[in-house]
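J.: Fold the following and give me the result.
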Amino acid sequence: MANYTDLEKLQKLPDNKFIDETNYVDAALKSFAYFDDSRYKNKKITSSKLRSLYSMLCDIIKDENDKTGTQISSGCSAALKLLKIRIIYDMGRDESVKIFIENTNLIAYLVHVEKNKKRDDFKLYCKYFEALVAFHRYLNPKEN
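T.: Numbers count the residues shown, from 1 in each chain. Sure, this is the predicted structure:
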């Protein structure tokens, strides 16, 4: 059973570092190492669940694309909070989502973007999430 401490851990950046342009692809790929662990054989996030979460992010991206400046808009910040809530809700409903989120640090990176509100960090988070979707598709080619 999850508790408040578990949620706190999810919000901490790995090694206290946010991803950057040089490592986000490698970080995305490394997060799938758990796929090779036999304990998680039948606990892999489905493509449809991952696409559902990514779709929410894409809606935020569309709204934010027209904006300028170094900071994300207040609307984007509010939408990211809703995305975080949706992710946490899905983690509570589906163990495969929980395992995926724990291994990808999506909550920690999202919290970083929310706190710092830097547009460049938001764009990098979006690229990281896109890389996760791409690697998931590659590693699960037969899944519908």
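
J.: Contacts only, for the residue nearest the centre of the chain.
T.: Centroid-nearest residue in the chain: residue 106, 3.0 Å away (criterion: C-alpha atoms, centre = their mean). Counting by C-beta atoms under 8 Å, 6 or more residues apart in numbering, residue 106 makes contact with 87, 129, 132. Where C-beta positions appear, they are placed from N, C-alpha and C, glycine not excepted.

J.: Please state the backbone phi and psi of it?
T.: Phi and psi for residue 106, reported as degrees, to the nearest 10, are phi -60, psi -40.

J.: what's the answer for residue 118, then?
T.: phi -80, psi 130.

J.: wait, isn't it in contact with residue 76?
T.: No: applying C-beta atoms under 8 Å, one finds residue 118 not in contact with residue 76, separated by 11.3 Å.

J.: Neighbour count for those two, which is higher?
T.: Between residue 118 and residue 76, residue 76 has the larger neighbour count (other C-beta atoms under 10 Å), namely 20 against 15.

J.: The more buried one - nearest residue in space that isn't next to it in sequence?
T.: Nearest residue to residue 76, sequence neighbours excluded (C-beta to C-beta, 6 or more residues apart in numbering): residue 64, at 4.7 Å.

J.: Pull the number of nearby residues for the one you found.
T.: Residue 64 sits with 19 neighbouring residues when counted by other C-beta under 10 Å.

J.: before we move on, what about residue 105?
T.: For residue 105, the number of neighbouring residues by other C-beta under 10 Å comes to 22.

J.: That one reaches residue 13, doesn't it?
T.: Yes: with contacts counted by C-beta under 8 Å, residue 105 reaches residue 13, the gap being 7.3 Å.

J.: Please name every helix or strand in contact with the helix or strand residue 123 falls within.
T.: For residue 123, the enclosing helix or strand under DSSP states H and E is helix 119-139. The elements that helix 119-139 packs onto, with contact taken as 3 or more C-beta pairs under 8 Å, 6 or more residues apart in numbering; DSSP states H and E, are helix 24-30, helix 47-64, helix 106-116.
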